[in-house]
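Colleague: Provided below for reference: sequence and predicted model.
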Amino acid sequence: MKGMNELVRQAQIMQKKMAKLQEELEVKTVEGSAGGGMVTAVVSGSNELKSIVIDKTVVDPNDVEMLQDLILAAVNDGLKKAKAMMEAEMGQVTGGIKVPGLF
């Protein structure tokens, strides 16, 4: 029974660390970009799009599709980087063990 109590205690400690980490990830951000930095998207560790910056030279009313593609690529790049950041941070808390439902 002592071993079970220790396991529960360790699980509770890990749960507290993960909750704290999730709070920290909400304020950490990463930048995704496309078009050589012409479009930049800032995404939080909780996968919230915080901002988009578009260089005015890529705004062409005759080629809206290109701008849409650049925005989409920048946001997807930011989301991919945010996911990688989250996985790396969570991996430190879990010791590299993949816990189902976390990421």
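Modeller: Everything's here; your move. In this text the structure is predicted, and so the values were computed from the model without any measurement.
Colleague: For the helix or strand hosting Val93, name the packing helices and strands.
Modeller: Per DSSP states H and E, Val93 falls inside helix 64-94. Applying 3 or more CB pairs under 8 Å, 6 or more residues apart in numbering; DSSP states H and E, one finds that helix 64-94 contacts helix 2-27, strand 29-34, strand 39-44, strand 49-54. (Glycine included, C-beta is placed from N, CA and C.)
Colleague: deepest of those, which one?
Modeller: The highest mean neighbour count among the helices and strands packed on helix 64-94, using mean count of other CB atoms under 10 Å, belongs to strand 39-44: a mean of 22.
Colleague: What average pLDDT does it get?
Modeller: Averaged across strand 39-44, pLDDT comes to 97.
Colleague: start at 14 instead
Modeller: Yep, numbering from 14; the last one is strand 52-57 now.
Colleague: ok, and the closest non-adjacent residue to the residue most central in space within the chain?
Modeller: Nearest residue to the geometric centre of the chain (CA atoms, centre = their mean): Ala95, 2.0 Å. For Ala95, ignoring the flanking residues on the chain, the nearest one in space by CB to CB, 6 or more residues apart in numbering is Val56 at 4.5 Å.
Colleague: before we move on, what about Asp68?
Modeller: Met51 is the one closest to Asp68 (CB to CB, 6+ apart), at 4.4 Å.
Colleague: tell me which strands and helices the one helix or strand in the chain whose mean pLDDT sits lowest is in contact with?
Modeller: The helix or strand of the chain with the lowest confidence, counting by mean pLDDT, DSSP states H and E, is helix 15-40 at a mean of 85. Packing partners of helix 15-40 (3+ CB pairs under 8 Å, 6+ apart): strand 52-57, helix 77-107.
Colleague: Asp73 in helix, strand or coil?
Modeller: Using DSSP: H, G, I helix; E, B strand; the rest coil, the structure places Asp73 in coil.
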